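Visitor: sequence first, predicted coordinates after that:
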Protein chains: 2
Amino acid sequence: MKQQEVFKAMADPTRRAILKRLQDGALTAGEIGESFDISAASLSHHFAVLKRADLVRTERRGQYIVYSLNSTVFEDLARMLFDLFPSRNARRDPS
Amino acid sequence: MKQQEVFKAMADPTRRAILKRLQDGALTAGEIGESFDISAASLSHHFAVLKRADLVRTERRGQYIVYSLNSTVFEDLARMLFDLFPSRNARRDPS
DNA sequence: TATATATTTAGACAAATATCTAAATATTGC
DNA sequence: GCAATATTTAGATATTTGTCTAAATATATA
């Protein structure tokens, strides 16, 4: 996981909203765009950032491009967080 | 939790390294600074960002200021992540 | 009180980023 | 092949951000 890319991707509210939009299943770029008052070009930029972070997957379907969540990276990110913030009763790695 | 502040705070590698440095216990600003090749002023800026996100707590001890992790926000963040990325076998909130 | 040490604040600057419009590319269907 | 639609790329611009040095503030101690 490219940690830096993932965190930078998550730092923008529009991108987090895009991820949230994708929770219930894959959507085309245009469908996602309907929820945002932003140009298609700007949206495309956000898609690129999410893709670079491997947070979303894409698939061309005819003239559309379909975006979906990549939950694998989410799990990595969650693990990373737990690693970064030791909870009170977790053992610390003894290394 | 100020989600936006937390994510922005986590997006910088120096700040994540500071958090990691604090895993084993509280440290003064100066002690933290020893690990970084960066001016005290820049470091102080990073502390401010982490504080604004409520990721660290501070306490003055004489002429020193002691920083420590605030693990509460971590837990909030983890929860937020799980909410954002539904895992395959989790039920979705029916609302 | 004066000096030394620790930290933050102020102000400047360069690099990164979110946005836009216009143009390019890919695909469909006539 | 051509026109329409969907999406991305290019280039410009304004804002944000990470860094610096210099100055200010807070505390300790001689």
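Guide: That came through, no problem.

Visitor: and the most centrally placed residue in chain A, backbone torsions?
Guide: Central residue of chain A (C-alpha atoms, centre = their mean): A:Leu55, 3.5 Å from the mean position. Dihedral pair for A:Leu55: phi -90, psi -20, per degrees, to the nearest 10.

Visitor: do you know how far it is from DNA strand C?
Guide: In this view, A:Leu55 and DNA strand C are 13 Å apart by C-beta to the nearest atom of the strand, to the nearest Å. C-betas here are computed from N, CA, C, even on glycine.

Visitor: so which residue of chain A comes closest to DNA strand D?
Guide: A:Gly30 (2.5 Å; C-beta to the nearest atom of the strand).

Visitor: that residue reaches A:Tyr64, doesn't it?
Guide: Yes - here A:Gly30 lies in contact with A:Tyr64, judged by C-beta atoms under 8 Å, at a distance of 7.0 Å.

Visitor: alpha carbons of the worst-scoring helix or strand of chain A on mean pLDDT, as PDB, please.
Guide: Within chain A, no helix or strand scores below helix A:71-84, which has a mean of 84 by mean pLDDT, DSSP states H and E. The C-alpha trace of helix A:71-84 is given here as PDB (Å, rounded to 0.1, in the frame of the first residue of the first chain):
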ATOM      1  CA  SER A  71     -12.000  -2.600  -0.100                       C
ATOM      2  CA  THR A  72      -8.700  -4.300   0.100                       C
ATOM      3  CA  VAL A  73      -6.800  -1.100   0.600                       C
ATOM      4  CA  PHE A  74      -9.400  -0.100   3.200                       C
ATOM      5  CA  GLU A  75      -8.400  -3.000   5.300                       C
ATOM      6  CA  ASP A  76      -4.800  -2.200   4.800                       C
ATOM      7  CA  LEU A  77      -5.500   1.400   5.900                       C
ATOM      8  CA  ALA A  78      -7.400   0.200   9.000                       C
ATOM      9  CA  ARG A  79      -4.600  -2.100   9.900                       C
ATOM     10  CA  MET A  80      -2.100   0.800   9.500                       C
ATOM     11  CA  LEU A  81      -4.200   2.900  11.800                       C
ATOM     12  CA  PHE A  82      -4.300   0.300  14.500                       C
ATOM     13  CA  ASP A  83      -0.600   0.000  14.100                       C
ATOM     14  CA  LEU A  84      -0.100   3.700  14.500                       C
END
